[in-house]
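Visitor: Fold the following for me, if possible:
(one chain, ligands or ions: 1)
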Amino acid sequence: MQFIDLKAQYVALKEPIDAGIQRVLDHGQFIMGPEVQELEHALAAYTGAKHCVTVSSGTEALLISLMALNIGPGDEVITSPFTFAATAEVVVLLGATPVFVDIEPDTCNINAALIEARITSRTRAIMPVSLYGQCADMNAINAIAARYGLPVIEDAAQSFGASYQGRRSTHLSTIGCSSFFPSKPLGCYGDGGALFTDDATLAQAAREIRVHGQSARYRHTRVGVGGRMDTLQCAVVLAKLGRFEWELQRRGAIGARYTQAITQSPTLNRAGVRPVVLRPDRSSVFGQYSVFAPQRDALQIELQAHGIPTAIHYPVPLNRQPAYARHCCPECCPAASEASRTVLSLPMSADLSEPDQDRVIAALDQVCA
Ligand SMILES: *Cc1c(COP(=O)(O)O)cnc(C)c1O
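Guide: Here you go, the predicted structure:
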(Lines give C-alpha, C1' and ligand atoms only; values in the text may rest on other atoms or scores of the structure.)
Protein backbone atom coordinates (compact mmCIF):
# COMPACT_ATOMS: atom_id res chain seq x y z
CA MET A 1 0.00 0.00 0.00
CA GLN A 2 1.19 3.51 -0.85
CA PHE A 3 0.87 6.46 1.55
CA ILE A 4 -0.21 8.50 -1.50
CA ASP A 5 -1.01 6.63 -4.72
CA LEU A 6 0.19 8.83 -7.59
CA LYS A 7 0.63 5.91 -9.97
CA ALA A 8 -3.06 4.98 -10.10
CA GLN A 9 -3.85 8.61 -10.84
CA TYR A 10 -1.38 8.66 -13.72
CA VAL A 11 -2.81 5.44 -15.15
CA ALA A 12 -6.30 6.98 -15.06
CA LEU A 13 -5.17 10.24 -16.66
CA LYS A 14 -2.41 8.91 -18.90
CA GLU A 15 -3.98 10.05 -22.19
CA PRO A 16 -4.68 13.70 -21.33
CA ILE A 17 -1.41 14.05 -19.40
CA ASP A 18 0.72 12.53 -22.16
CA ALA A 19 -1.11 14.59 -24.80
CA GLY A 20 -0.67 17.79 -22.79
CA ILE A 21 3.05 17.16 -22.36
CA GLN A 22 3.41 16.27 -26.06
CA ARG A 23 1.73 19.54 -27.06
CA VAL A 24 4.30 21.50 -25.06
CA LEU A 25 7.15 19.49 -26.60
CA ASP A 26 5.72 20.27 -30.04
CA HIS A 27 5.25 24.02 -29.62
CA GLY A 28 8.46 24.39 -27.63
CA GLN A 29 7.47 27.38 -25.47
CA PHE A 30 8.81 25.87 -22.27
CA ILE A 31 8.74 29.14 -20.32
CA MET A 32 5.51 31.18 -20.23
CA GLY A 33 3.93 29.07 -22.97
CA PRO A 34 0.18 29.21 -23.64
CA GLU A 35 -0.60 26.55 -20.99
CA VAL A 36 0.56 28.96 -18.26
CA GLN A 37 -2.16 31.49 -19.00
CA GLU A 38 -4.67 28.75 -19.71
CA LEU A 39 -4.06 27.27 -16.26
CA GLU A 40 -4.20 30.67 -14.56
CA HIS A 41 -7.60 31.33 -16.16
CA ALA A 42 -8.89 27.88 -15.22
CA LEU A 43 -7.73 28.14 -11.60
CA ALA A 44 -9.01 31.69 -11.16
CA ALA A 45 -12.41 30.57 -12.46
CA TYR A 46 -12.36 27.54 -10.18
CA THR A 47 -11.59 29.48 -7.01
CA GLY A 48 -13.57 32.61 -7.88
CA ALA A 49 -10.47 34.79 -7.45
CA LYS A 50 -10.04 37.64 -9.94
CA HIS A 51 -6.34 36.90 -10.44
CA CYS A 52 -4.20 33.76 -10.41
CA VAL A 53 -0.43 33.98 -10.79
CA THR A 54 1.35 30.66 -11.22
CA VAL A 55 4.80 30.45 -9.67
CA SER A 56 7.60 27.91 -9.29
CA SER A 57 6.40 26.41 -5.97
CA GLY A 58 4.15 26.92 -2.98
CA THR A 59 7.12 28.33 -1.09
CA GLU A 60 7.71 30.86 -3.87
CA ALA A 61 4.01 31.80 -3.81
CA LEU A 62 4.35 32.68 -0.12
CA LEU A 63 7.64 34.53 -0.66
CA ILE A 64 6.31 36.53 -3.62
CA SER A 65 3.15 37.39 -1.68
CA LEU A 66 5.19 38.83 1.19
CA MET A 67 7.40 40.71 -1.30
CA ALA A 68 4.33 42.12 -3.08
CA LEU A 69 3.18 43.41 0.32
CA ASN A 70 6.64 45.00 0.87
CA ILE A 71 7.29 42.97 4.02
CA GLY A 72 10.89 43.19 5.17
CA PRO A 73 13.32 43.84 8.04
CA GLY A 74 11.67 44.88 11.30
CA ASP A 75 8.26 43.60 10.26
CA GLU A 76 6.36 40.87 12.07
CA VAL A 77 4.13 38.23 10.49
CA ILE A 78 1.74 36.26 12.69
CA THR A 79 1.55 32.58 11.75
CA SER A 80 1.13 29.05 13.03
CA PRO A 81 4.06 27.06 14.40
CA PHE A 82 2.36 23.79 13.40
CA THR A 83 3.12 23.74 9.70
CA PHE A 84 5.74 22.91 7.12
CA ALA A 85 8.89 25.02 7.51
CA ALA A 86 8.26 27.01 4.32
CA THR A 87 5.53 29.07 6.01
CA ALA A 88 7.96 30.71 8.43
CA GLU A 89 11.04 30.34 6.24
CA VAL A 90 9.90 32.95 3.73
CA VAL A 91 9.27 35.45 6.54
CA VAL A 92 12.79 35.03 7.91
CA LEU A 93 14.31 35.09 4.40
CA LEU A 94 12.94 38.61 3.96
CA GLY A 95 14.44 39.75 7.26
CA ALA A 96 11.06 39.84 9.00
CA THR A 97 10.10 37.99 12.17
CA PRO A 98 7.56 35.17 12.42
CA VAL A 99 5.35 35.51 15.48
CA PHE A 100 4.01 32.09 16.38
CA VAL A 101 0.47 31.87 17.71
CA ASP A 102 -0.64 28.54 19.15
CA ILE A 103 -3.14 26.22 17.45
CA GLU A 104 -6.61 24.95 18.29
CA PRO A 105 -6.02 21.54 19.89
CA ASP A 106 -8.80 19.85 17.89
CA THR A 107 -8.28 21.19 14.32
CA CYS A 108 -4.54 21.95 14.59
CA ASN A 109 -5.14 25.28 12.83
CA ILE A 110 -4.07 28.63 14.25
CA ASN A 111 -6.23 29.67 17.23
CA ALA A 112 -7.86 32.92 16.10
CA ALA A 113 -8.75 33.83 19.69
CA LEU A 114 -5.02 34.13 20.52
CA ILE A 115 -4.04 36.33 17.58
CA GLU A 116 -5.05 39.79 18.78
CA ALA A 117 -2.86 39.65 21.88
CA ARG A 118 0.20 39.16 19.63
CA ILE A 119 -0.44 42.14 17.34
CA THR A 120 2.11 44.95 17.79
CA SER A 121 2.97 48.16 15.97
CA ARG A 122 5.34 46.05 13.84
CA THR A 123 2.76 43.47 12.70
CA ARG A 124 2.41 43.58 8.91
CA ALA A 125 0.40 40.46 8.05
CA ILE A 126 -1.41 37.41 9.39
CA MET A 127 -0.61 34.13 7.69
CA PRO A 128 -2.93 31.26 8.70
CA VAL A 129 -2.25 27.78 7.33
CA SER A 130 -5.10 25.57 6.08
CA LEU A 131 -3.58 22.49 7.64
CA TYR A 132 -4.45 18.98 6.42
CA GLY A 133 -6.76 20.55 3.83
CA GLN A 134 -9.11 22.39 6.20
CA CYS A 135 -9.22 26.17 6.40
CA ALA A 136 -8.64 27.98 9.68
CA ASP A 137 -11.33 30.20 11.15
CA MET A 138 -10.96 32.72 8.34
CA ASN A 139 -13.93 34.92 9.27
CA ALA A 140 -12.53 35.55 12.73
CA ILE A 141 -9.02 36.08 11.33
CA ASN A 142 -10.23 38.47 8.61
CA ALA A 143 -12.23 40.45 11.18
CA ILE A 144 -9.17 40.94 13.41
CA ALA A 145 -7.06 41.84 10.38
CA ALA A 146 -9.63 44.39 9.21
CA ARG A 147 -9.62 46.09 12.62
CA TYR A 148 -5.85 46.57 12.37
CA GLY A 149 -5.66 47.16 8.61
CA LEU A 150 -3.57 44.02 8.07
CA PRO A 151 -3.50 41.78 5.00
CA VAL A 152 -4.20 38.05 5.44
CA ILE A 153 -2.20 35.50 3.44
CA GLU A 154 -3.69 32.01 3.48
CA ASP A 155 -1.10 29.25 3.19
CA ALA A 156 -3.37 26.95 1.20
CA ALA A 157 -0.63 24.55 0.10
CA GLN A 158 -2.61 21.61 1.51
CA SER A 159 -6.13 22.86 0.85
CA PHE A 160 -6.66 23.65 -2.84
CA GLY A 161 -10.31 22.79 -3.53
CA ALA A 162 -11.48 23.05 0.08
CA SER A 163 -14.42 25.29 0.90
CA TYR A 164 -15.15 27.57 3.82
CA GLN A 165 -18.75 28.75 4.23
CA GLY A 166 -19.30 28.18 0.53
CA ARG A 167 -16.16 29.96 -0.68
CA ARG A 168 -13.03 28.30 -1.98
CA SER A 169 -9.75 28.10 -0.13
CA THR A 170 -7.22 30.56 -1.69
CA HIS A 171 -10.09 33.04 -2.21
CA LEU A 172 -10.85 33.81 1.43
CA SER A 173 -8.44 36.65 2.19
CA THR A 174 -6.06 39.22 0.68
CA ILE A 175 -3.90 36.54 -0.94
CA GLY A 176 -4.15 32.75 -1.03
CA CYS A 177 -1.10 30.62 -1.86
CA SER A 178 -1.20 27.04 -3.03
CA SER A 179 1.30 24.38 -4.04
CA PHE A 180 1.29 21.83 -6.84
CA PHE A 181 4.00 19.66 -5.28
CA PRO A 182 3.22 16.12 -6.52
CA SER A 183 1.71 14.87 -3.26
CA LYS A 184 -0.60 17.84 -2.68
CA PRO A 185 -4.33 17.49 -3.46
CA LEU A 186 -3.75 19.08 -6.89
CA GLY A 187 -0.21 18.20 -7.89
CA CYS A 188 2.06 18.42 -10.90
CA TYR A 189 5.12 16.29 -11.71
CA GLY A 190 7.71 18.56 -10.16
CA ASP A 191 7.49 21.89 -8.38
CA GLY A 192 4.74 24.42 -8.97
CA GLY A 193 2.44 26.79 -7.14
CA ALA A 194 0.10 29.71 -7.52
CA LEU A 195 -1.12 32.74 -5.66
CA PHE A 196 -4.65 34.10 -5.87
CA THR A 197 -5.99 37.56 -5.15
CA ASP A 198 -8.80 39.94 -6.04
CA ASP A 199 -6.39 42.88 -5.77
CA ALA A 200 -5.15 43.95 -9.22
CA THR A 201 -2.18 45.89 -7.82
CA LEU A 202 -0.95 42.90 -5.79
CA ALA A 203 -1.46 40.59 -8.78
CA GLN A 204 0.57 42.90 -11.01
CA ALA A 205 3.31 43.15 -8.38
CA ALA A 206 3.41 39.34 -8.11
CA ARG A 207 3.62 38.97 -11.92
CA GLU A 208 6.59 41.34 -11.97
CA ILE A 209 8.33 39.80 -8.95
CA ARG A 210 8.17 36.31 -10.48
CA VAL A 211 10.19 37.54 -13.51
CA HIS A 212 12.98 39.38 -11.68
CA GLY A 213 10.92 42.48 -11.00
CA GLN A 214 10.45 43.34 -14.67
CA SER A 215 7.53 45.61 -15.55
CA ALA A 216 8.65 45.36 -19.19
CA ARG A 217 11.45 43.41 -20.86
CA TYR A 218 14.74 44.47 -19.25
CA ARG A 219 13.02 47.15 -17.20
CA HIS A 220 13.59 46.06 -13.60
CA THR A 221 11.18 48.18 -11.60
CA ARG A 222 11.76 46.23 -8.38
CA VAL A 223 13.83 43.38 -7.01
CA GLY A 224 12.25 40.06 -7.87
CA VAL A 225 13.05 36.38 -8.19
CA GLY A 226 13.15 33.71 -10.90
CA GLY A 227 9.83 32.28 -9.87
CA ARG A 228 7.91 31.13 -12.95
CA MET A 229 6.08 27.82 -13.13
CA ASP A 230 7.21 26.06 -16.29
CA THR A 231 4.84 25.27 -19.13
CA LEU A 232 5.19 21.48 -18.83
CA GLN A 233 4.04 21.54 -15.21
CA CYS A 234 1.11 23.79 -16.10
CA ALA A 235 0.11 21.27 -18.78
CA VAL A 236 0.14 18.49 -16.17
CA VAL A 237 -2.08 20.43 -13.78
CA LEU A 238 -4.47 21.29 -16.64
CA ALA A 239 -4.82 17.60 -17.44
CA LYS A 240 -5.36 16.73 -13.77
CA LEU A 241 -8.19 19.25 -13.51
CA GLY A 242 -10.11 16.84 -15.75
CA ARG A 243 -11.07 14.62 -12.83
CA PHE A 244 -10.30 16.93 -9.91
CA GLU A 245 -13.95 17.23 -8.81
CA TRP A 246 -14.21 13.45 -8.75
CA GLU A 247 -10.99 13.26 -6.73
CA LEU A 248 -12.31 15.78 -4.21
CA GLN A 249 -15.47 13.74 -3.81
CA ARG A 250 -13.41 10.60 -3.29
CA ARG A 251 -11.13 12.30 -0.77
CA GLY A 252 -14.14 13.62 1.12
CA ALA A 253 -15.80 10.21 1.15
CA ILE A 254 -12.62 8.42 2.24
CA GLY A 255 -12.08 10.99 4.99
CA ALA A 256 -15.66 10.62 6.23
CA ARG A 257 -15.28 6.83 6.17
CA TYR A 258 -12.08 7.00 8.26
CA THR A 259 -13.79 9.33 10.72
CA GLN A 260 -16.83 7.09 11.08
CA ALA A 261 -14.77 3.93 11.54
CA ILE A 262 -12.42 5.53 14.06
CA THR A 263 -15.07 7.26 16.17
CA GLN A 264 -17.24 4.11 16.23
CA SER A 265 -14.50 1.69 17.23
CA PRO A 266 -14.63 0.91 20.98
CA THR A 267 -11.01 -0.29 20.76
CA LEU A 268 -9.80 2.98 19.27
CA ASN A 269 -11.91 5.02 21.70
CA ARG A 270 -10.33 3.13 24.58
CA ALA A 271 -6.86 3.72 23.13
CA GLY A 272 -7.63 7.45 22.83
CA VAL A 273 -7.28 7.49 19.04
CA ARG A 274 -9.47 10.23 17.56
CA PRO A 275 -9.59 12.16 14.30
CA VAL A 276 -8.52 15.74 13.79
CA VAL A 277 -11.82 17.63 13.98
CA LEU A 278 -13.52 18.97 10.84
CA ARG A 279 -15.68 22.04 11.51
CA PRO A 280 -19.23 21.89 10.10
CA ASP A 281 -18.97 25.17 8.15
CA ARG A 282 -16.10 23.95 5.95
CA SER A 283 -14.97 20.99 3.87
CA SER A 284 -11.56 19.40 3.92
CA VAL A 285 -9.73 18.08 0.88
CA PHE A 286 -7.73 15.90 3.29
CA GLY A 287 -4.35 16.92 2.04
CA GLN A 288 -3.58 14.63 4.96
CA TYR A 289 -5.97 12.47 6.94
CA SER A 290 -4.62 12.78 10.46
CA VAL A 291 -5.57 11.37 13.84
CA PHE A 292 -4.41 12.00 17.40
CA ALA A 293 -2.95 8.92 19.05
CA PRO A 294 -1.50 9.07 22.58
CA GLN A 295 0.89 6.16 21.85
CA ARG A 296 1.74 7.57 18.44
CA ASP A 297 5.35 6.45 18.04
CA ALA A 298 4.66 2.83 19.03
CA LEU A 299 1.54 2.81 16.87
CA GLN A 300 3.46 4.00 13.83
CA ILE A 301 6.06 1.26 14.20
CA GLU A 302 3.42 -1.44 14.60
CA LEU A 303 1.42 -0.18 11.63
CA GLN A 304 4.59 -0.29 9.57
CA ALA A 305 5.00 -3.92 10.56
CA HIS A 306 1.46 -4.51 9.24
CA GLY A 307 2.48 -2.92 5.92
CA ILE A 308 0.61 0.33 6.60
CA PRO A 309 2.65 3.43 5.72
CA THR A 310 2.00 6.52 7.85
CA ALA A 311 3.59 9.94 8.30
CA ILE A 312 3.88 12.62 10.95
CA HIS A 313 2.87 16.18 10.08
CA TYR A 314 4.73 17.53 12.01
CA PRO A 315 7.02 15.97 14.64
CA VAL A 316 8.47 19.30 15.85
CA PRO A 317 6.62 22.64 15.82
CA LEU A 318 8.59 25.44 14.19
CA ASN A 319 8.99 27.38 17.45
CA ARG A 320 11.09 24.42 18.68
CA GLN A 321 13.16 24.02 15.50
CA PRO A 322 16.77 25.24 15.81
CA ALA A 323 16.38 27.69 12.90
CA TYR A 324 13.26 29.33 14.35
CA ALA A 325 13.47 28.83 18.12
CA ARG A 326 14.83 32.34 18.72
CA HIS A 327 11.45 33.72 17.58
CA CYS A 328 9.51 32.01 20.37
CA CYS A 329 10.07 30.33 23.71
CA PRO A 330 9.95 26.52 23.54
CA GLU A 331 6.81 26.31 25.68
CA CYS A 332 4.92 29.27 24.22
CA CYS A 333 2.74 27.04 22.02
CA PRO A 334 1.66 24.12 24.25
CA ALA A 335 -1.13 22.91 21.94
CA ALA A 336 1.30 22.68 19.02
CA SER A 337 3.78 20.79 21.20
CA GLU A 338 1.09 18.35 22.27
CA ALA A 339 -0.11 17.83 18.68
CA SER A 340 3.45 17.20 17.49
CA ARG A 341 3.65 14.32 20.00
CA THR A 342 0.36 12.70 18.98
CA VAL A 343 -0.58 13.34 15.34
CA LEU A 344 -0.34 10.56 12.78
CA SER A 345 -1.36 10.76 9.11
CA LEU A 346 -2.93 7.71 7.47
CA PRO A 347 -2.80 6.68 3.79
CA MET A 348 -4.95 9.04 1.73
CA SER A 349 -5.49 9.56 -1.97
CA ALA A 350 -8.45 9.63 -4.31
CA ASP A 351 -7.46 6.16 -5.54
CA LEU A 352 -7.29 4.53 -2.11
CA SER A 353 -9.62 1.54 -2.51
CA GLU A 354 -12.20 0.55 0.11
CA PRO A 355 -10.47 -2.80 0.75
CA ASP A 356 -7.15 -1.00 1.31
CA GLN A 357 -8.82 1.51 3.61
CA ASP A 358 -10.44 -1.38 5.49
CA ARG A 359 -6.97 -2.89 5.91
CA VAL A 360 -5.73 0.37 7.45
CA ILE A 361 -8.67 0.51 9.86
CA ALA A 362 -8.38 -3.17 10.76
CA ALA A 363 -4.65 -2.80 11.41
CA LEU A 364 -5.29 0.22 13.63
CA ASP A 365 -7.85 -1.76 15.60
CA GLN A 366 -5.55 -4.73 15.88
CA VAL A 367 -2.50 -2.83 17.13
CA CYS A 368 -4.62 -0.83 19.62
CA ALA A 369 -6.44 -3.89 20.99
C1 LIG B 1 3.91 21.92 0.85
C2 LIG B 1 3.75 23.12 1.71
C3 LIG B 1 4.40 24.34 1.43
C4 LIG B 1 5.43 24.48 0.35
O5 LIG B 1 5.02 24.15 -0.93
P6 LIG B 1 6.15 23.75 -2.01
O7 LIG B 1 5.40 23.71 -3.30
O8 LIG B 1 6.69 22.42 -1.61
O9 LIG B 1 7.18 24.80 -1.99
C10 LIG B 1 4.12 25.43 2.22
N11 LIG B 1 3.26 25.34 3.25
C12 LIG B 1 2.63 24.19 3.55
C13 LIG B 1 1.67 24.16 4.70
C14 LIG B 1 2.86 23.04 2.80
O15 LIG B 1 2.25 21.90 3.13
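Visitor: Quick check: can you list the domain ranges of this protein?
Guide: 6-238, 244-368 (automatic domain parsing).
Visitor: average pLDDT for the longest one?
Guide: In this model, domain 6-238 carries a mean pLDDT of 98.
Visitor: separation between the closest residue to the ligand within the chain and F160?
Guide: Proximity of the chain to the ligand (Cβ to the nearest ligand atom) peaks at G58, 2.5 Å away. Every residue, glycine included, has its C-beta placed from N, CA and C. Relative to F160, G58 is positioned 10 Å away (Cβ to Cβ, to the nearest Å).
Visitor: So for these two, which sits in the more crowded spot?
Guide: Using other Cβ atoms under 10 Å as the criterion, G58 and F160 rank with F160 on top: 32 against 27.
Visitor: what comes up buried for stretch 87-96?
Guide: 87-92, 94, 96 (16 or more other Cβ atoms under 10 Å).
Visitor: Those residues: which ones sit near the ligand?
Guide: Restricting these to those near the ligand by Cβ under 6 Å from any ligand atom leaves T87.
Visitor: Secondary structure for the buried residues of stretch 87-96 - can I get that in a markdown table?
Guide: Below are the buried residues of stretch 87-96 laid out as a markdown table (DSSP: H, G, I helix; E, B strand; the rest coil):
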| residue | secondary structure |
| --- | --- |
| T87 | helix |
| A88 | helix |
| E89 | helix |
| V90 | helix |
| V91 | helix |
| V92 | helix |
| L94 | coil |
| A96 | coil |
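Visitor: Provide the secondary structure category for Y314.
Guide: coil.
Visitor: I'd say it and T87 touch.
Guide: No: look at Y314 against T87 with Cβ atoms under 8 Å: they stay out of range, at 10.7 Å.
Visitor: Am I right that the residue of the chain closest to the ligand is in contact with G176?
Guide: No: between G58 and G176 there is no contact under Cβ under 8 Å: 11.0 Å.
Visitor: list the buried ones in the longest helix seen in the chain?
Guide: If you go by DSSP state H, the chain has its longest helix at helix 6-27. Within helix 6-27, the residues scored as buried using 16+ other Cβ under 10 Å are 9, 12-13, 16-17, 20-21, 23-24.
Visitor: for stretch 72-92, same thing?
Guide: Buried, per 16+ other Cβ under 10 Å, within stretch 72-92: 75-84, 86-92.
Visitor: what's the answer for stretch 148-156, then?
Guide: So for stretch 148-156, counting by 16+ other Cβ under 10 Å, buried means 150-156.
Visitor: just the residues you listed now: which is nearest L39?
Guide: Relative to L39, the closest of the buried residues of stretch 148-156 is A156; by Cβ to Cβ it sits at 16.2 Å.
Visitor: residues touching the closest one, list them.
Guide: 130, 135, 162, 169-170, 176-178 (Cβ atoms under 8 Å, 6 or more residues apart in numbering).
Visitor: Which of these fall in strands?
Guide: Judged by DSSP state E, the subset of the contacts of A156 located in strands is 176-178.
Visitor: Closest to N319 out of those?
Guide: So of the ones in strands among the contacts of A156, ranked by how close each gets to N319 (Cβ to Cβ), first place is C177, at 21.2 Å.
Visitor: wait, isn't the closest one in contact with A61?
Guide: Yes: with contact defined as Cβ under 8 Å, C177 reaches A61; the gap is 3.8 Å.
Visitor: Need the residues touching each of these two.
Guide: Jointly contacting C177 and A61 under the rule Cβ under 8 Å, 6+ apart are 193-195.
Visitor: Strands of the chain, residue ranges please.
Guide: Using DSSP E, strands in the chain cover 51-55, 76-79, 97-100, 123-127, 153-155, 163-164, 167-168, 175-179, 193-197, 214-216, 219-220, 274-275, 289-292, 343-346.
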